[in-house]
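Student: I need the structure of the sequence given here:
(one chain, ligands or ions: 2)
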Amino acid sequence: MQKKLLFNPDGTRDLKYQRLVGGKSTNLIEFANVKYDWAEQLYRKMRQFFWIPDEVPLGDDKRQYPKLTEAEQTAYKKTLAFLIFLDSIQVDNLGALALYITAPEVVACLKTQAFFETIHAQSYDYLLTSVVDSITRDEVYTMWKDDANLLTRNKFITDQYQEFIENPNERAFLRSCMADYLLEGIYFYSGFAFFYALGRQDKMGGTVSLIRLIQRDENTHLALFTHILRTLADENSEWFTNDMKQELTSMLMTAVEHEISWGKYVTRNQILGLSDNIIENYIKYLGNMRAESIGLEPPYEKIKHPMPWVDSFAAMNSTKTDFFERRVTNYQKFGGSMNFDKLKPPGSS
Ligand code: ZN
Ligand code: ZN
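Tutor: Numbers count the residues shown, from 1 in each chain. Ligands and ions are numbered 1, 2, ... in the order given. Just a heads-up that it's a prediction; the model follows:
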């Protein structure tokens with residue numbers, strides 16, 4: 001594949017020549033004249049979700065953490081180690097994909113997503129500096145060195161990313177987009193469920209608030225990659241041979257297996273509400289749904305959602321009051337009241 005030009009003087013504003021890859025855009029961003037309405041809407045939605053991690057109070061979490069069971073503390077650390085790894089890698093990789101995407105409105109979404117992944121990485125850092133001691137913090141940031149399970153599963157995603165960066169061909173591009181889709185749609189889910197299982201017992205409320213804000217963003221990222229993959233299937237149907245579809249399905253099944261074994265490994269059947277069996281069914285249920293959303297055959301037999309309570313946590317409308325709901329009006333005010341004078345470079349008037 002060819003990297004696009006930063007500015008393409010032969011480009012046109014005529015939408016009939018625009019494509020996700022290999023289109024004829026000038027690269028000027030023009031939100032009132034876009035080929036992909038879904039991208040313009042997603043961009044606005046993401047922007048509307050802007051939030052600030054360090055405004056979430058964590059004093060109660062700091063007091064509660066030493067009282068968690070050993071199994072809960074282990075799962076807390078391992079889940080954070082995993083989320084930190086992947087959200088950090090996302091920040092950089094989205095830009096690598098964007099170099100080949102010729103729809104400026106989609107590039108705007110990818111860059112905005114990268115900014116939000118930075119906010120997520122900052123949230124984990126904020127959690128670790130606020131809730132646990134510095135030895136535990138070091139342990140979490142270097143866990144990938146000592147925990148083979150963690151490294152194997154995360155490398156499954158980063159290897160696809162790296163492969164495309166080194167060999168930018170169409171197959172590697174598709175696999176890299178699929179890896180993004182699986183990361184956003186499968187990989188995070190047993191981790192989120194673990195935090196919600198704590199939340200259900202009224203433990204670690206600040207952490208749960210942060211995770212809910214993060215998951216709300218991840219849903220927009222999942223929507224973005226669903227649209228990207230569907231659009232590619234539409235515009236580049238010749239890429240989607242039966243072999244390629246099989247390859248994508250097998251990637252999905254590998255991600256599901258990884259997520260199930262990781263979920264079981266992290267929770268050790270010792271977290272209230274999260275048995276091995278429930279984790280397995282939940283992740284396979286998600287796997288079927290993710291396959292269907294991008295036009296692949298669901299690979300598992302039909303499964304009912306085994307823990308619908310997870311969705312009420314994720315939906316931001318649960319009856320439990322949390323930080324976000326109490327403070328939502330303050331966020332809206334924040335944009336208007338921010339003091340930009342403080343941001344001026346020194347010496348300017
Ligand atoms: Zn994220
Ligand atoms: Zn994301």
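Student: When you work out contacts or count neighbours from here on, use the C-alpha atoms and nothing else.
Tutor: OK.
Student: what's around the residue of the chain found nearest ligand 1, how many residues?
Tutor: Residue nearest to ligand 1 within the chain: Glu117 (4.4 Å; CA to the ion). Residues contacting Glu117 under the criterion other CA atoms under 10 Å number 25.
Student: Could you pull up the residues touching it?
Tutor: Asp87, Ser88, Gln90, Val91 (CA atoms under 8 Å, 6 or more residues apart in numbering).
Student: when you check ligand 1, which of the residues you listed turn up near it?
Tutor: Asp87 (CA under 5 Å from the ion).
Student: Just the ones of the contacts of Glu117 in helices?
Tutor: Among these, the members falling in helices (DSSP state H) are Asp87, Ser88, Gln90, Val91.
Student: element containing the closest residue to the second one other than its chain neighbours?
Tutor: In this case it means Ser88. Once flanking residues are discounted, Ser88 sits nearest to Ala121: 6.0 Å by CA to CA, 6 or more residues apart in numbering. Here Ala121, judged by DSSP states H and E, is contained in helix 104-131.
Student: Helices of the stretch 151-300 of the chain, start to end?
Tutor: 170-182, 189-200, 205-235, 242-267, 276-293 (DSSP state H, counting those that start in this stretch).
Student: which one of these lies closest to Thr152?
Tutor: Proximity to Thr152 (CA to CA) singles out helix 242-267 among the helices of the stretch 151-300 of the chain, at 8.8 Å.
Student: follow-up on the earlier one: looking at the ones in helices among the contacts of Glu117, which is nearest Lys67?
Tutor: For those, the closest approach to Lys67 (CA to CA) belongs to Asp87, at 28.2 Å.
Student: Contacts only, for that closest one.
Tutor: Counted by CA under 8 Å, 6+ apart, Asp87 has contacts Glu117, Thr118, His120, Ala121.
Student: and what of Thr142?
Tutor: Ala81.
Student: what are the phi and psi values for it?
Tutor: With angles defined as degrees, to the nearest 10, Thr142 sits at phi -110, psi 10.
Student: Can you tell me what sits against stretch 278-297?
Tutor: Against stretch 278-297 from outside (CA under 8 Å, 6+ apart): 185-186, 189-190, 226, 229-230, 245, 249, 252-253, 256, 259-260, 263-264, 298-300, 302-307.
Student: of the contacts of Asp87, buried ones?
Tutor: Glu117, Thr118, His120, Ala121 (16 or more other CA atoms under 10 Å).
Student: With adjacent residues omitted, what lies nearest to Met1?
Tutor: Distance criterion CA to CA, 6+ apart; nearest residue to Met1, sequence neighbours excluded, is Asn169 at 5.1 Å.
Student: How many neighbouring residues does the one you found have?
Tutor: 13.
Student: Check the one 4 residues further on too.
Tutor: Burial measure for Phe173: 20 neighbouring residues, criterion other CA under 10 Å.
Student: so it touches Phe164, yeah?
Tutor: Yes - contact criterion CA atoms under 8 Å: Phe173 and Phe164 qualify, at 5.8 Å.
Student: where does the stretch 51-200 of the chain have low pLDDT?
Tutor: Across the stretch 51-200 of the chain, nothing is flagged by pLDDT under 70.
Student: interface residues of it facing ligand 1?
Tutor: Close to ligand 1, as judged by CA under 5 Å from the ion, the stretch 51-200 of the chain has residues Asp87, Glu117.
Student: switch to 6 Å and redo it
Tutor: Asp87, Glu117, His120 (CA under 6 Å from the ion).
Student: Name the residues of the helix holding Ala121 that come out as buried.
Tutor: By neighbour count on 16+ other CA under 10 Å, the buried set for helix 104-131 is 104-125, 127-128, 130-131.
Student: now the ones in helices among the contacts of Glu117 as CSV including distance to Glu30?
Tutor: Shown next, in CSV, are these (distance: CA to CA, whole Å):
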residue, distance to Glu30
Asp87, 29
Ser88, 30
Gln90, 26
Val91, 24
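Student: which of those count as buried?
Tutor: By 16+ other CA under 10 Å, the ones in helices among the contacts of Glu117 give Asp87, Ser88, Gln90, Val91 as buried.
Student: Which one of these is nearest to Ile157?
Tutor: Gln90 (10.1 Å).
Student: what's Leu252 in contact with, if anything?
Tutor: Leu182, Gly287, Ala291.
Student: In JSON lines, list those residues along with distance to Gly95 and neighbour count.
Tutor: Listed next are the contacts of Leu252 as JSON lines, based on distance: CA to CA, whole Å; neighbours: other CA atoms under 10 Å:
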{"residue": "Leu182", "distance to Gly95": "18", "neighbour count": "24"}
{"residue": "Gly287", "distance to Gly95": "27", "neighbour count": "23"}
{"residue": "Ala291", "distance to Gly95": "25", "neighbour count": "19"}
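Student: Could I get the contacting residues of Arg63?
Tutor: Per CA under 8 Å, 6+ apart, neighbours of Arg63: Val131.
Student: what's the distance between whichever strand or helix holds it and the middle of its chain?
Tutor: In this assignment (DSSP H and E), Arg63 forms part of helix 59-64. Offset of helix 59-64 from its chain centre (CA atoms, centre = their mean, to the nearest Å): 26 Å.
Student: Return the set of buried residues in it.
Tutor: Asp61, Lys62.
Student: Please apply the same query to stretch 49-69.
Tutor: Phe50, Trp51, Pro53, Val56, Pro57, Leu58, Asp61, Lys62, Tyr65.
Student: Once you drop chain neighbours, what's closest to Asp61?
Tutor: Counting by CA to CA, 6+ apart, Asp61 lies nearest to Met204, which is 4.8 Å off, once chain neighbours are set aside.
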